[in-house]
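Participant: Build me a structure from this.
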Amino acid sequence: MTKEEALELLCSRRTVRHFDGRPVGPELLDGLMEAARWAPSGMNNQPWRFIPIEGRDTLEKLSVCTKYGKLVRSSPAAIAVFLDNEAVYNRTKDVQSVGAALENLLLCAHLQGLGACWLGEILNKREEAEKVLGVDKSMELMALVLVGWPKPGAHEGDRDRADLASLVIGKF
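Facilitator: From the prediction side, this is the model:
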């Protein structure tokens with residue numbers, strides 16, 4: 001992949017909230033988690049953990065844990081992403097590492113033609129969602145990533161970004 005192709009991949013990724021209903025399948029979900037696990041982490045502690053979700057019953061139960069329940073119910077699959085607090089050596093760095101794993105997952109989905117939506121709002125009812133998923137107390141939900149085949153036109157439209165000059169706050 002050339003530098004230009006890599007930049008195009010990064011710039012063309014969009015959050016997808018409308019799926020066509022086709023199943024994703026465990027092989028593709030495994031591939032997304034495989035990409036996520038290659039994210040960098042401090043001291044290579046790899047503090048992320050995953051639960052792939054394709055069961056309608058589980059998605060329905062998770063849907064009541066967020067104001068975006070309709071979106072969760074319309075998704076054919078999801079991946080719950082956790083911070084394993086027993087693997088943590090520095091909370092800030094480890095939360096950042098989970099964010100890097102999430103970005104790897106999102107980019108891999110995009111590269112394969114899948115749509116994905118990083119749902120963080122579910123953290124407002126994190127403990128309820130963790131109960132639905134039956135995880136140990138050491139697991140802290142960081143995000144639910146909805147995954148599916150995008151409906152036609154689901155990732156059309158440009159998302160404005162601030163000019164780089166407005167984001168650079170100093171130069172030495």
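Participant: contacting residues around stretch 6-15?
Facilitator: For stretch 6-15, the external contacting residues (CB atoms under 8 Å, 6 or more residues apart in numbering) are 1, 106, 107, 110, 111, 115, 116, 117, 118, 155, 157, 159. C-beta here means a position set from N, CA and C on the backbone, and glycine is covered the same way.
Participant: for stretch 87-104, same thing?
Facilitator: Residues from elsewhere that reach stretch 87-104, judged by CB under 8 Å, 6+ apart: 35-43, 45-48, 81-83, 118, 142-143, 145.
Participant: Quick one: mean pLDDT over it.
Facilitator: Here the mean pLDDT over stretch 87-104 is 97, rounded to a whole number.
Participant: and it, how far out from the chain's middle?
Facilitator: Relative to its parent chain, stretch 87-104 has a centroid offset of 13 Å by CA atoms, centre = their mean, to the nearest Å.
Participant: Go through that stretch and flag the buried ones.
Facilitator: When neighbours are counted by 16 or more other CB atoms under 10 Å, the buried residues of stretch 87-104 are found to be 87, 88, 94, 97, 98, 99, 101, 102, 103, 104.
Participant: cool, and stretch 102-118?
Facilitator: 102-110, 114-118.
Participant: want to throw these into a markdown table with secondary structure?
Facilitator: Shown next, in a markdown table, are the buried residues of stretch 102-118 (DSSP: H, G, I helix; E, B strand; the rest coil):
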| residue | secondary structure |
| --- | --- |
| 102 | helix |
| 103 | helix |
| 104 | helix |
| 105 | helix |
| 106 | helix |
| 107 | helix |
| 108 | helix |
| 109 | helix |
| 110 | helix |
| 114 | coil |
| 115 | strand |
| 116 | strand |
| 117 | strand |
| 118 | strand |
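Participant: quick one: which of these is nearest residue 165?
Facilitator: Closest approach between the buried residues of stretch 102-118 and residue 165, by CB to CB: residue 103, at 23.8 Å.
Participant: Spatially central residue for the chain, please.
Facilitator: Central residue check for the chain by CA atoms, centre = their mean: the C-alpha nearest the mean position is that of residue 145, 3.8 Å away.
Participant: Can you tell me the element that residue falls in?
Facilitator: Assigning secondary structure by DSSP states H and E places residue 145 in strand 139-148.
Participant: pLDDT wise, what is residue 155 at?
Facilitator: Residue 155 is assigned 63 on the pLDDT scale.
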